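Peer 1: Okay, structure incoming, though there's no sequence with it:
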């Protein structure tokens, strides 16, 4: 077994998560589906409860005490989110329902204004459906085309030798994933964004799998947009953040129309608020940012460099042991892998692996992981995936490996 | 470790998933239909040869999880020699079996699917080939799926 960084009391952190202390099918729960969603610490649950028990009121324009409180807490979460990713200003933080909505917002609002027939939207073959479909939709509407940075194979790394050739003068935006949810690849986004920016190409980084796992500095990455989800970083579901560079946001038309996003409305003409409120029509999710605020505080109290090191250690440990098994196909990079492992057992479908693992108390995910084109490219229908977070332990990885060996025996018998 | 799960992966099911019966196309078939669950990737094609009202031969090809493959394999064995009406009746019995664990009437070997109802996420796997059967008998051209409604 491996030993983890002892400067953090990982065992104590684990007790902050009430949900982890339970049995599933008579076995202790081993929750390895963190890339799909993370669990929530007591402090986040308490923040939500406190808001609904004490402060609930609609935000903005309210004069009464509760409205003041909810508005203050809502806007404090925006400031906190700016600090979480080192944005220059809270005005660059737009609350969304999640990464998917953030990308849709950029595709719809920025895309409709800036894309024309013949333009190219450059993506990578690693992308989640959330960073594919919105671009296909806006491409259809505007006549732009979608092109891809290729993936090399089962290792799931990008072939960056092709990048310069792909960054043609037709490319208007490059949108790419920071960490692949199905492969665990960590893309060198800083380098890629720099090469795109030097050609005047706008860049978006999908941070769904990165924001809560490693330190993120959007100014250092050098992108123009960065999107992430609250629920994958210990926050509630239904809340996410889109960060955009101020000057780009200021030039963008609204995404949706309604209350909250206007300065003045007439029957024929409306003046919009500046960013970020221009992009937040209607009563927002208020409890979401408040819960997310508590989650960001929680993660940064641990330190994301330590979380990253911990997740990588678990993933490397799991990868080594799985890779030593017979009749297994491993996916994702051998080095510099994020906190997940993706694999296929010979002659055993991923869904059968997941059903059996569940009986052993181990929550995995099997399927295409919303990366169907990548699965097709690799010639598989699905993979099984174990994804880790800081509350997981090496002992849990051992349980997982034992379960996988038992599954192999079960189907070999 | 997996004692409890034998109600899902019965020996007969494991056997049919590893060695599917009638696992081939029927080039001279009377009708065929595709069963495809795009979310999980289960994809099979079912072929039927009818003489008059009677299913004389059945075969299938495709890929999927253990449950969907075994279900298709056992289906092809079960429906051979049945009339259309009998095959449709069997579909109703299997549907009841995989959703409730019980069924009215004899289902023969298919009784091995009685444990599926305890695994709601897997009902769609067990019933896919049976929906393909109905699709084939009705001459349906579009693939059938069991992902939206469970059964």
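Peer 2: Now that the structure is in, tell me what you want to look at. Model, not experiment: these values are computed from the prediction.

Peer 1: where does the stretch 101-250 of chain A have low pLDDT?
Peer 2: Across the stretch 101-250 of chain A, nothing is flagged by pLDDT under 70.

Peer 1: for it, what spans make up the strands?
Peer 2: All strands of the stretch 101-250 of chain A, identified by DSSP state E, counting those that start in this stretch, fall at A:120-124, A:145-149, A:171-177, A:202-206, A:225-229, A:240-244.

Peer 1: Can you list the neighbours in contact with the longest one?
Peer 2: Contacts with strand A:171-177, where a contact means Cβ atoms under 8 Å, 6 or more residues apart in numbering or on different chains, come from A:103, A:106, A:110-111, A:114-115, A:119-124, A:126-128, A:131, A:135, A:144, A:147, A:149, A:167, A:187, A:189, A:192-193, A:196, A:199, A:201-206, A:208-209, A:225. Just so you know, the C-beta spots here come from the backbone N, C-alpha and C atoms, and that holds for glycine as well.

Peer 1: List, one by one, the residues from chain B near chain A.
Peer 2: In this structure, chain B approaches chain A at residues B:1-2, B:4-5, B:8-9, B:14, B:18, B:39-41, B:43, B:63-67, B:119, B:121-122, B:125, judged by Cβ under 8 Å from any Cβ of the partner chain.

Peer 1: JSON lines please, covering the strands of the stretch 101-250 of chain A and showing distance to residue A:25 and mean neighbour count.
Peer 2: Formatted as JSON lines, the entries for these read as follows, by distance: least, Cβ to Cβ, whole Å; neighbours: other Cβ atoms under 10 Å in any protein chain shown:
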{"stretch": "strand A:120-124", "distance to residue A:25": "38", "mean neighbour count": "24"}
{"stretch": "strand A:145-149", "distance to residue A:25": "41", "mean neighbour count": "17"}
{"stretch": "strand A:171-177", "distance to residue A:25": "34", "mean neighbour count": "25"}
{"stretch": "strand A:202-206", "distance to residue A:25": "34", "mean neighbour count": "27"}
{"stretch": "strand A:225-229", "distance to residue A:25": "29", "mean neighbour count": "29"}
{"stretch": "strand A:240-244", "distance to residue A:25": "33", "mean neighbour count": "30"}
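
Peer 1: Same list (those) but as TSV, adding distance to residue A:80.
Peer 2: As requested, the strands of the stretch 101-250 of chain A are exported to TSV (distance: least, Cβ to Cβ, whole Å):
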stretch	distance to residue A:80
strand A:120-124	30
strand A:145-149	33
strand A:171-177	24
strand A:202-206	20
strand A:225-229	13
strand A:240-244	10
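
Peer 1: Which of the ones you listed sits closest to residue A:21?
Peer 2: In terms of Cβ to Cβ, the element of the strands of the stretch 101-250 of chain A nearest to residue A:21 is strand A:225-229, at 25.0 Å.

Peer 1: who does the closest one touch, helix- and strand-wise?
Peer 2: Strand A:225-229 sits against helix A:99-105, strand A:202-206, strand A:240-244, with contacts defined as 3 or more Cβ pairs under 8 Å, 6 or more residues apart in numbering or on different chains; DSSP states H and E.

Peer 1: That one pairs with which strands, parallel or anti?
Peer 2: Paired neighbours of strand A:225-229 in the sheet (DSSP bridges): strand A:202-206 (parallel), strand A:240-244 (antiparallel).

Peer 1: can you tell me how far residue A:292 sits from chain B?
Peer 2: Taking Cβ to the nearest Cβ, to the nearest Å as the measure, residue A:292 falls 29 Å from chain B.

Peer 1: and the angle for the helix or strand hosting that residue with strand A:240-244?
Peer 2: For residue A:292, the enclosing helix or strand under DSSP states H and E is helix A:287-302. With axes from the mean of the first three to the mean of the last three Cα atoms, to 10 degrees as the criterion, the two stretches helix A:287-302 and strand A:240-244 enclose an angle of 80 degrees.

Peer 1: Which strands and helices lie in contact with the helix ranked longest in chain B?
Peer 2: Longest helix of chain B, by residue count under DSSP state H: helix B:84-100. Helices and strands touching helix B:84-100, by 3+ Cβ pairs under 8 Å, 6+ apart, are helix B:66-79, helix B:123-137.

Peer 1: In that helix, which residues are buried?
Peer 2: For helix B:84-100, the neighbour count (16 or more other Cβ atoms under 10 Å in any protein chain shown) marks B:84, B:87-88, B:90-91, B:93-99 as buried.

Peer 1: before we move on, what about stretch A:94-114?
Peer 2: Under the neighbour-count criterion of 16+ other Cβ under 10 Å, stretch A:94-114 has A:94-111, A:114 buried.

Peer 1: Could you list the domains of chain A?
Peer 2: In terms of domains, chain A is parsed into A:10-31+A:304-412, A:45-301 (source: automatic domain parsing).

Peer 1: Can you name the residue of chain B nearest to chain A?
Peer 2: Nearest residue of chain B to chain A (Cβ to the nearest Cβ) works out as residue B:41 at 3.4 Å.

Peer 1: what's the spacing between that residue and residue B:120?
Peer 2: With distances taken as Cβ to Cβ, to the nearest Å, residue B:41 is found 19 Å from residue B:120.

Peer 1: what about residue B:43, is that helix, strand or coil?
Peer 2: Recorded secondary structure, residue B:43: strand (DSSP: H, G, I helix; E, B strand; the rest coil).

Peer 1: So what sits opposite it in the bridge?
Peer 2: In this structure, residue B:43 has the following beta-bridge partners (DSSP bridges): residue B:36, residue B:63.
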